[in-house]
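> model this:
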Amino acid sequence: MKTIIRVITKAKGSTADKPIPTITISEVSLEAYGFKWQKLVALEYSYGVIDLKLHESEVDLKRIRSKSGFVRIGRNLSIKKGQDNPSIIVKGYWLNDMGFPVGTVVAVYMDSKRIQIKRVDMEGLKQEGFLPS
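Reported below is the predicted structural model:
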């Protein structure tokens, strides 16, 4: 299992007064966990938690829409680093309702055929003394 920390960013093209939250996971290790380019990932979510599970069965990719509960694994080409990494992008205003507005710190846990994104309780970490007040 691998854990990475991310901060939710604003989607390109969104405005300052109405930013679209975006979570991008682009790691070389995604392939090691089964997340390869063009595969589908099923999303399940509740407040503060998003589960992404590799979808094994065949689906008509042309019929998949953004609100279907699926995302397709894309590619992140880095000419500077000479890498072609798989990339998963989850974005939309619905992330605000699920506790993931722009600027939120999240922990991303990657395991075999599963990724879990959890909101990090920064206030709780401050109260416990792990972060400066």
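> For Tyr93, list the residues it contacts.
20-21 (Cβ atoms under 8 Å, 6 or more residues apart in numbering). To be clear about C-beta, it is placed using only N, CA and C from the backbone, and glycine gets the same treatment.
> Recalculate using a threshold of 6 Å.
Neighbouring residues of Tyr93 by Cβ atoms under 6 Å, 6 or more residues apart in numbering: there are none.
> in the sheet, who's paired with the spatially closest residue to Met1 that is not a sequence neighbour?
Nearest non-adjacent residue to Met1, counting by Cβ to Cβ, 6 or more residues apart in numbering: Asp111, 4.8 Å away. Under the criterion DSSP bridges, Asp111 forms beta bridges with Arg114.
> What count of nearby residues applies to Asp111?
12 (other Cβ atoms under 10 Å).
> And it, what's its pLDDT?
You'll see Asp111 listed with a pLDDT of 89.
> what separates it from Thr15, distance-wise?
In this structure, Asp111 and Thr15 are 36 Å apart, going by Cβ to Cβ, to the nearest Å.
> do Gln116 as well
Counting by Cβ to Cβ, the gap from Gln116 to Thr15 is 30 Å.
> and if you look at Ser87?
Distance of Ser87 to Thr15, given as Cβ to Cβ: 24 Å.
> Next: Val120.
With Cβ to Cβ as the criterion, Val120 and Thr15 are 26 Å apart.
> Please say which of the two ends up with more neighbours.
Val120 (15 against 8).
> Please read off the pLDDT at that one from the model.
90.
> How about the residue lying closest to it once chain neighbours are set aside: which residues does it bridge to?
Using Cβ to Cβ, 6+ apart and skipping residues adjacent in sequence, the residue nearest Val120 is Val105, 4.3 Å away. Taking DSSP bridges as the rule, Val105 bridges to Val7.
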